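> Predicted structure and sequence below. I'll ask about it afterward.
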Amino acid sequence: MPEPARVISGAHASSGRDHPLLRRILIGLTLLIVGVLIVIPVVNIFVQAMGGGLWGYFSNLFSDRDTRHSILMTLIVAPISVAVNTVFGVAAAWTIARFRFPGRTLLTTLIDLPFSISPVVAGLMLVLLFGLQGHMGPWLREHNIQILFAMPGLILATTFVTLPFVARELLPVMEAIGAEEEIAAISLGASAWQTFWNVTLPNIKWGLLYGVVLCNARAMGEYGAVYVVAGHQGGRTYTMPLQVNKLFEDSRTSESFALASLLTLLAVVTLAAKVALERRTRRELLAATRPSEVPETNDLPHAGAGPPSVRVNQTRLRPELIMTTAKPVDSASAAPSQGMAGA
Amino acid sequence: MSKSHRNVLPGFRLSLSFTLIYLTVMVLIPLAACLFKACSLGPAEFIEAVWTPRAKAAYSFTVGASLASAAIDCVLGLLVAWVLVRYEFPGKRVIDSIVDMPFALPTAVAGLVYSSLYVENGWLGQFLVPLGIHAAYSRLAVVLVLTFIGLPFVVRALQPVLESLEAETEDAAALMGATRMQTFRWVIVPLLAPAMVTGFSLSLARGLGEYGSVVFVSANMPFRTEIAPVLIVHKLDNFEYPEATAMAMVLLAMSFSLLIVINVLERWSKRHYA
Amino acid sequence: MSIKVNNVSKKFGAFNALKEVSVEAGAGSLLALLGPSGSGKTTLLRVIAGLETPDSGSVYYEDEDVTSQSARERNIGFVFQHYALFRHMTVFDNVAFGLKVRRWPRAKIRDRVRQLLALVRLDTLERRLPSQLSGGQRQRVALARALAIEPKVLLLDEPFGALDAKVRQELRQWLRRLHDEIHVTSIFVTHDQEEAFEVADKVVVMNSGRIEQVGTPQEVFEHPASAFVMDFLGNVNVFHGRLQDGRAHVGGMQFDYPDYAHQESLPTTLYVRPHELELHHGPSEAGSLKAHVERVNPAGSVAKVFVWSDEFGIGMHVELSSERYNELRVRPGDTVYVSPRRVRAFVPEPEYVI
C-alpha cells in the first residue's frame, strides 16, 4: 500500500495551545503504544534468540541443514526478484513519467494491483497456472520442468508480490526531475543508452536505491505466497520465513527465534537505510526545483587582460571581443520604453 | 507545449512493450487463470462453494477482525501522529522511524513474537493472563497482530494533514470561545476525516489479506479463529481447486472494491485539500 | 548556414500552434522570434531544432531537407530557458558532454572545453557543480556546452528569461558581440521586445501561430504591417475615427491620409505612438484636440504626460523629449492642445460580394 511521504519538522506551531499536562499524558501514551506494540516485541526477539548465548545462537542458525538451506534460498530468491522488478520498475517509470499515451492511468493502476491482492491468492493463481492440474501443468510435466515446489515457483511468487515497489518509488522522482536534461543530452547528440546511463541514472539513483531497499525487505520477508507455492514438505523449498514457522511448529523455539532475529536485523537495517535515503531524495527533489541562490557576480568581460583567442566554428575569435566595454544604447534609435499600451 | 516527448526522447516503444509484456505475464495471466477457474463453476456451485458455514465463519471473522483492528489503528494512529507532529520530546526522531517497523518486519516474525509474548509465561502474558486476557491463540490475538501491522498506514496518512493544519484556525476558534475539546471536535476532526478514512481503508485492506502473522497467533480453529486465507490454503491442500478459487475471487472482489474506494478518496481529498 | 522553414503547421490536440508558417534565416544572421505567450514562437524554434515534428511543411538547413531528421542528427546547439545543465556533472563535464558522446580524444576535449570556458569567463569554475553557480553563470555554461560541438546553428529558447534584469542586460549585449564574431546562424525566442530589438538583425513578430511581420527592428517599429504589430511593439494610443477621401477624422482633428482615397467613409481604428503626439499651449492650424493634463512623469530621458479630453472622453499618453518638456512646462490641470504628427490605420482588404 502506498506510503505518503512526510517531513518531520520541529514542533507544530499550535502545540503551545495544548495544556502541558495533556501534552505529557499524550506523549506518554504514545511511548506506551509504540513501546508495547513495537519495541517490546523487537527486543523480545533478540532476547529469545540469544537465550543460549552467542555460541548457542550460531549453532541454532547453522547446525541444522534445513535451516542453512532456507537462508540460502532466501539469499537467492530475493535478490533475483528484486533485480527483475528493478528492471521493470525503471522501464515502467520511464514509460509513464516521460510519455503521454492513452491508457496511462490504467497502466499505473495495474502496477498497483499486486498490493491489493492477498499473498495467498497470489500463490493460488500460480498453482492454478503451473500445478499438475493447472493450465500449464501437463505441458510442464512433459518437458520435465518443475515450477511449483521448486525455486522458479518461489521466485515467481516473490516477484509478483513485490512487483510495484521500485516502480512506485521511481515514478514521482522521475516526474519531479523532469525531462529537460535528457532532452538537452539528445540535442547534444547522445544516443538513448548514453542519455540513460550518463544523465537519467545519476539523477534517480537515490530514489532507485530507496525502492530497491523496500522491495528487498518485502521480498525477504514474504510468507503467504511462498507458502502456497513451496509445498509443505519443508526442506529444499523453504525460505527463511517459512522455516521460522516450521521450527516453531516443531517446538524448536530457540532456533526459530534465532532465524527470526536475522530477519529482524534485516528489518532494522532496512529502516535505517529508509530514513537515510528518504532524506536524500527529498533534499534532491527540493534542490531541483529551486532557483539558484548563488548571487550573480560581475565577471563578464569589461576591461582587462583577455584570454587567448578561441576558435569557434572555424572562425578565429579576436581577443578584443572579450575586452571591449558595452556600447551605450543609442537613445535616438527606435527603442521605445516598455509600459502599458493604449489609451 | 507538448509534454509527450515521444518525438524526442528515445525508447518509448521499447519501454512500453517491455512494461506491458511484463505486466501481462506476471499479473494479468495469473489473474486470468483465477477468473477462468472460477468461471468453471456454475453460478449455483459458486454460491455453494463460498457460502458454506465454515466459509461464512471465515469471512466474517476476517472482515470483523480487520475492521476492528483498523478502527483501533485509527484511534492509536491519530494519537501517535498527533504527538509526533505537534510535540517535541527527546527521541522523537527515533520514534518516528520506529513507526515504520511493521512495514519492514516480515509478517512471520511478527506472528512468532506476538504469539510468544502473550502466552501464559510470556513477557506480557504473565500479567495479562491472570487478568483473564488471552491475547494469544484467540480472536483477540488476531486483532492485536493486525493492529500492529496496520498502524503505520494510519499514522503516515494523518501526518501530512496534521502538518498542514494552520495554527491560526485553532486560534480563531479559541477566540470565538471554543474549548480545546470543541475546537478538536468541530475544527480539527473534519479536516482530518478524509486522511483518516484513507488510513482506515489502507489498514483494512492490508488486514483482509494478511496471512503470515495471523497463522502464528490464531491457532486457526475453524469457525472460531480461522481467517479466509487459511481456509483457502486448506482447500488447496485438499485439491479442491475450484472451491479455493471461488473463495479467492470473493477476497479479490473485496480488495478491488477497497482499492477503488481508496483511489477515489485520494483523488477527492487531493482536490479539496491540496 | 541558412535555415528555411516552408509552410510548417503543428497542432497539439485541438490547439493549433503553427499555421502554415514560412520564414528564412540567412547564413550567419541573428534572428529573433518575438511574440506573446501562445504565439507559437517556441514551437517554431523546436520544430527548427528537431525537438518537434511538424504535421506538414518542411525545414531546410542550407539545401538539405532535414524535416525527417531527429534533433540528434541535426548537429544543432540548443540553449534552454532553464539551462537544463546536468546537475550531477561538473561544469567541465557538462561542456564536454557533447564531445564525449562524439568520442573525441581526451586531450582534444580538454583543450576545447578550456577554450570555451575561457570564452564565457568561467575558466576558474570548471570543477563546480551547477548548484554552486548563479543563474547567469549557469546560462553561460549552457551556452558553452551548446557551442562546444561546433554546431551549424544555435537555437536559444528565452535564454535570459529566468535571470535578473541586470544580468539579462549584460548577457544579451554580450551575446550580440559574441555573434558578431562567431557568425553562427542563430535564432532566439523572446517575449521581451526590448531584447529582440537590442540583439537581433531581424525580428519575426508572431501571433497565434502566424507570422505577422518580418523585418529589421527599425522596419517593424516604424512600419508595422498590422495593428497587432503596432500594439505589441511599444506603447500606442488607440482612437476610433473614420477615413474618407484622403483624410482621417478623429474627433475634431483632421489630417491627410493619402493611402485611403475612397469617397466612402470608413469607420476605423487609428493608432498613434506617444512620441508622435505633440502638445501645444494653443490650438494649432492642422487641427488639434483640447485636453487637460492629468499626470506628468518627467523622470528619465523622456517625459511622460497623460492628458484627458473631456469632450470626447478619451485619454492619451504623450511622450515628450526633455527639452520640449522644459519648454512647455506643463503641469497637472493645465489646458493643452494635442495634435498627431502621424497616424496609422490598418485597413482590411475590401471584400467584394458577387
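Ah, there it is.
> Return, as residue ranges, the portions of the chain with sub-threshold pLDDT.
You didn't say which chain, so I picked chain A. Per-residue confidence of chain A (counting by pLDDT under 70) places the weak regions at A:1-17, A:232-235, A:288-290, A:298-343.
> Can you look at chain C instead?
Across chain C, residues meeting the criterion (pLDDT under 70) sit at C:251-252, C:286-287, C:348-354.
> Identify the residue nearest the geometric centre of chain A.
Nearest to the mean C-alpha position of chain A, by C-alpha atoms, centre = their mean, lies A:Gly211 at 0.7 Å.
> C:Lys19 - that's part of a strand, no?
Yes: for C:Lys19, which was evaluated using DSSP: H, G, I helix; E, B strand; the rest coil, the result is membership in a strand.
> so it touches C:Gly209, yeah?
Yes: under the criterion of C-beta atoms under 8 Å, C:Lys19 makes contact with C:Gly209 at 4.3 Å. Bear in mind the C-beta positions are built from the backbone N, C-alpha and C, glycine included.
> what do the two both touch?
Taking C-beta atoms under 8 Å, 6 or more residues apart in numbering or on different chains as the contact criterion, the common neighbours of C:Lys19 and C:Gly209 are C:Gly40.
> So between these two, which is more surrounded?
Set side by side, C:Lys19 and C:Gly209 show more neighbours around C:Gly209, with 22 against 15, by other C-beta atoms under 10 Å in any protein chain shown.
> thinking again about what came up before, tell me which helix or strand the residue nearest to the centre of chain A sits in.
Counting by DSSP states H and E, the element that carries A:Gly211 is helix A:201-221.
> Relative to chain A, how far out is B:Glu163?
As defined by C-beta to the nearest C-beta, to the nearest Å, B:Glu163 lies at a distance of 7 Å from chain A.
> The helix holding A:Gly211 close to chain B?
Yes: remark: helix A:201-221 sits within contact range of chain B at A:Ala217, A:Met220, A:Gly221, by C-beta under 8 Å from any C-beta of the partner chain.
> Quick one: name whatever helix or strand follows that helix.
Heading C-terminal from helix A:201-221, the first helix or strand you meet, by DSSP H and E, is helix A:224-230.
> ok, and does that following helix reach over to chain B?
Yes: Helix A:224-230 lies within reach of chain B by C-beta under 8 Å from any C-beta, at A:Gly224, A:Tyr227, A:Val228.
> For that helix, what is the distance to the chain centroid?
From the chain centre to the centre of helix A:224-230 is a distance of 24 Å (C-alpha atoms, centre = their mean, to the nearest Å).
> so when I look at C:Ala303, I'm seeing a helix, right?
No: the assignment for C:Ala303 (three-state DSSP) gives strand, which keeps it out of a helix.
> count of residues packed around it?
For C:Ala303, the count of nearby residues is 20 (other C-beta under 10 Å).
> With C:Glu294 instead?
There are 13 residues near C:Glu294, going by other C-beta under 10 Å.
> any idea how far C:Asp310 is from it?
If you measure C:Glu294 against C:Asp310 using C-beta to C-beta, to the nearest Å, the figure is 11 Å.
> what's the answer for B:Leu67, then?
Computed with C-beta to C-beta, the distance linking B:Leu67 and C:Asp310 is 78 Å.
> for B:Ile95, same thing?
Taking C-beta to C-beta as the criterion, B:Ile95 is separated from C:Asp310 by 75 Å.
> between those two, which one's more packed in?
Comparing B:Ile95 with C:Asp310 by other C-beta under 10 Å, the one with more neighbours is B:Ile95, at 20 against 9.
> Let me know the secondary structure of that one.
B:Ile95 - assigned by three-state DSSP - is helix.
> Please name the nearest non-neighbouring residue to it.
The spatial neighbour of B:Ile95 that comes closest, neighbours along the chain excluded (C-beta to C-beta, 6 or more residues apart in numbering or on different chains), is A:Val34 at 5.7 Å.
> Buried residues, the one helix or strand the one you found maps to. List them.
Taking DSSP H and E as the criterion, the element that holds A:Val34 is helix A:20-34. Neighbour-count burial for helix A:20-34, with 16 or more other C-beta atoms under 10 Å in any protein chain shown as criterion, is recorded at A:Arg23, A:Leu26, A:Ile27, A:Thr30, A:Leu31, A:Ile33, A:Val34.
> Name the nearest of the residues you listed relative to A:Ala78.
Looking at these and their distance to A:Ala78, the nearest is A:Val34, at 28.2 Å (C-beta to C-beta).
> can you give me how far the longest helix along chain A is from the chain middle?
If you go by DSSP state H, chain A has its longest helix at helix A:253-289. Going by C-alpha atoms, centre = their mean, the spacing between the C-alpha centre of helix A:253-289 and its chain's C-alpha centre is 11 Å.
> now stretch B:26-36
Put simply, stretch B:26-36 sits 23 Å off its chain's centre (C-alpha atoms, centre = their mean).
> quick one: contacts of it?
Contact partners of stretch B:26-36, identified using C-beta under 8 Å, 6+ apart, comprise A:110, A:113-114, A:121-122, A:124-126, A:128-129, A:134-135, A:156, A:159-160, A:163, B:245, B:248-249, B:252.
> could you list every residue that touches the closest residue to chain A within the stretch 51-200 of chain B?
Minimum separation of the stretch 51-200 of chain B from chain A (C-beta to the nearest C-beta) falls at B:Pro106, amounting to 2.7 Å. The contact partners of B:Pro106, by C-beta under 8 Å, 6+ apart, come to A:Met220, A:Gly221, A:Glu222, A:Tyr223, A:Met240, A:Pro241, A:Leu263, A:Ala267, B:Gly212.
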